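Participant: sequence-free structure coming up:
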């Protein structure tokens, strides 16, 4: 009766209070034949490209693998949080309380992922991070599991490559939020440990960024290279302003994490980015049978939209959910599902990946790439591989 009263009054009480009042609302009953997965993404707003890519990849995985796992029917419920953390938490709560989902997933930016931690912990259901890249997220709830990447994981190889390839002085410019600060710290630590010098650390606002003043300051410092990080979707705007400031003509090499040369936007950046060096966990140009099949299927299913690193995070996130359900034989108890996810390993379109059993974070190859024009299109062409990279910044890994 209490549950019915609260659910009927949720509009007046608020989803957060409803969940708090329902300590018994956890994972769905094991007898349910439908396993619901709540996908919370920024489908509108500044990060809409992230939501579009992840949803498309999740639906592709289901189309290729069917909607039945261990005798259960998988139902995907997609919610748009518009990139607002309060919306993310509200939607997560509603998905748990009203829709009785077994898993929540998605989370396009770090603040959005962090917002669902208390919900996942109280409901005892997995929260699969398909996008957000701040290292510490998985430490905030024992129910977080990540299939995307972390910025330290992707940045440290770029710093190492730079120090080994004649770059002595660098200015860093990052978006001023969790992943950007992770990238800034990781680059400086490795680059200076290897003998380089970071001349300045610049930070642009995450929302409505204007890069001109920061780029001019970087140019005035005359570094050998400028290291960049911005989230998926902002790279085209940043590189337009980099080109306008003519940094490369001034002798400044542009290096970055692969977020900047996002496959979803790369062809719109123009030939000025040719030769740019980045480090990342995925390129649509990755040369493997699994990736060639993935890219071909994704292009066909999505009106020729090229998959990016967000797409592969969503694709592998669905793979992880399916594999965990197979391992539990359809048991949707959240703790059992998370335990099943720990240590899981398979070959992804990006290469071999696994879930670290101690940290619940992804272990994967990181690639050094160069932007090249191939058959009239721009691609991030990989030329070096750093295998099985962990994020070693976690408290659990120390």
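Facilitator: Received the coordinates, thanks. The shown structure was predicted, so the numbers you read here are calculated from the model rather than taken from an experiment. Numbers count the residues shown, from 1 in each chain.
Participant: strands of the stretch 101-250 of the chain, start to end?
Facilitator: 103-106, 127-129, 144-146, 169-175, 197-204, 225-229 (DSSP state E, counting those that start in this stretch).
Participant: looking at those, which is nearest to residue 362?
Facilitator: strand 144-146 (5.2 Å; CB to CB). For every residue, glycine as well, the C-beta is placed using N, CA and C.
Participant: tell me the buried residues in the closest one?
Facilitator: 144, 145, 146 (16 or more other CB atoms under 10 Å).
Participant: do stretch 219-233 as well
Facilitator: Result for stretch 219-233 [16+ other CB under 10 Å]: buried residues 219, 223, 224, 225, 226, 227, 228, 229, 230, 231, 232, 233.
Participant: quick one: mean pLDDT over it.
Facilitator: Regarding stretch 219-233, the rounded mean pLDDT is 94.
Participant: now do it: distance to the chain's middle.
Facilitator: Its chain's C-alpha centre and that of stretch 219-233 lie 21 Å apart, by CA atoms, centre = their mean, to the nearest Å.
Participant: residue 127 touches residue 118, doesn't it?
Facilitator: No - the criterion here is CB atoms under 8 Å, and residue 127 misses it with residue 118 at 10.4 Å.
Participant: joint contacts of these two?
Facilitator: residue 141 (CB atoms under 8 Å, 6 or more residues apart in numbering).
Participant: so between the two, which is more surrounded?
Facilitator: residue 127 (29 against 17; other CB atoms under 10 Å).
Participant: if I pick that one, what's in contact with it?
Facilitator: So residue 127 contacts 92, 103-105, 107, 113, 116-117, 119-120, 141, 143-145 (CB under 8 Å, 6+ apart).
Participant: quick one: pLDDT of it?
Facilitator: Taking residue 127 on its own, its pLDDT is 98.
Participant: the nearest residue to it once chain neighbours are set aside - how many residues pack around it?
Facilitator: Distances taken as CB to CB, 6 or more residues apart in numbering place residue 120 nearest to residue 127, at 3.9 Å, with adjacent residues excluded. The number of residues packed near residue 120 is 24, by other CB under 10 Å.
Participant: likewise residue 196?
Facilitator: For residue 196, using other CB under 10 Å, the count is 20.
Participant: list the contacts for it?
Facilitator: Neighbours of residue 196 in contact, by CB under 8 Å, 6+ apart: 159, 162, 163, 167, 168, 169, 170.
Participant: run the last query once more with 7 Å
Facilitator: Residue 196 makes contact with 162, 163, 167, 168, 170, according to CB atoms under 7 Å, 6 or more residues apart in numbering.
Participant: centre of the chain to stretch 79-99, how far?
Facilitator: 18 Å.
Participant: identify each buried residue in it, please.
Facilitator: Those would be 79-85, 87-97, 99, for stretch 79-99 by 16+ other CB under 10 Å.
Participant: what mean pLDDT does that stretch get?
Facilitator: pLDDT averaged over stretch 79-99 gives 97.
Participant: thought residue 385 was touching residue 352?
Facilitator: No - using CB atoms under 7 Å, residue 385 is not in contact with residue 352; the gap is 10.7 Å.
Participant: anything in contact with each of those two?
Facilitator: In contact with both residue 385 and residue 352: residue 365, using CB under 7 Å, 6+ apart.
Participant: tell me which residues touch the most centrally placed residue in the chain, please.
Facilitator: Of all residues in the chain, the one closest to the mean position by CA atoms, centre = their mean is residue 131, 2.2 Å from it. Taking CB under 7 Å, 6+ apart, we find residue 131 in contact with 50, 54, 106, 107, 108, 148, 310, 313.
Participant: try it again with 8 Å
Facilitator: 50, 54, 106, 107, 108, 109, 113, 148, 232, 310, 313, 314 are the contacts of residue 131 under CB under 8 Å, 6+ apart.
Participant: follow-up on the earlier one: need the contacts of residue 196 in TSV (columns: distance to residue 186 and pLDDT).
Facilitator: Listed next are the contacts of residue 196 as TSV, based on distance: CB to CB, whole Å; pLDDT from 0 to 100:
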residue	distance to residue 186	pLDDT
162	12	97
163	13	97
167	16	98
168	19	98
170	13	98
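Participant: filter the residues you listed to the buried ones?
Facilitator: The buried subset of the contacts of residue 196 (16+ other CB under 10 Å) comprises 162, 163, 167, 170.
Participant: so how far is residue 184 from the second one?
Facilitator: Spatial separation of residue 163 from residue 184 under the definition CB to CB, to the nearest Å is 16 Å.
Participant: mind listing the residues bridging to residue 146?
Facilitator: residue 129 (DSSP bridges).
Participant: could you measure it against residue 138, distance?
Facilitator: With CB to CB as the criterion, residue 146 and residue 138 are 6 Å apart.
Participant: mutual contacts of those two, please.
Facilitator: With CB under 8 Å, 6+ apart, residue 146 and residue 138 have common neighbours 129, 360, 361.
Participant: let me have those in CSV, adding neighbour count and distance to residue 340 as columns.
Facilitator: Compiled in CSV, the shared contacts of residue 146 and residue 138 are given as follows (neighbours: other CB atoms under 10 Å; distance: CB to CB, whole Å):
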residue, neighbour count, distance to residue 340
129, 28, 17
360, 24, 12
361, 27, 16
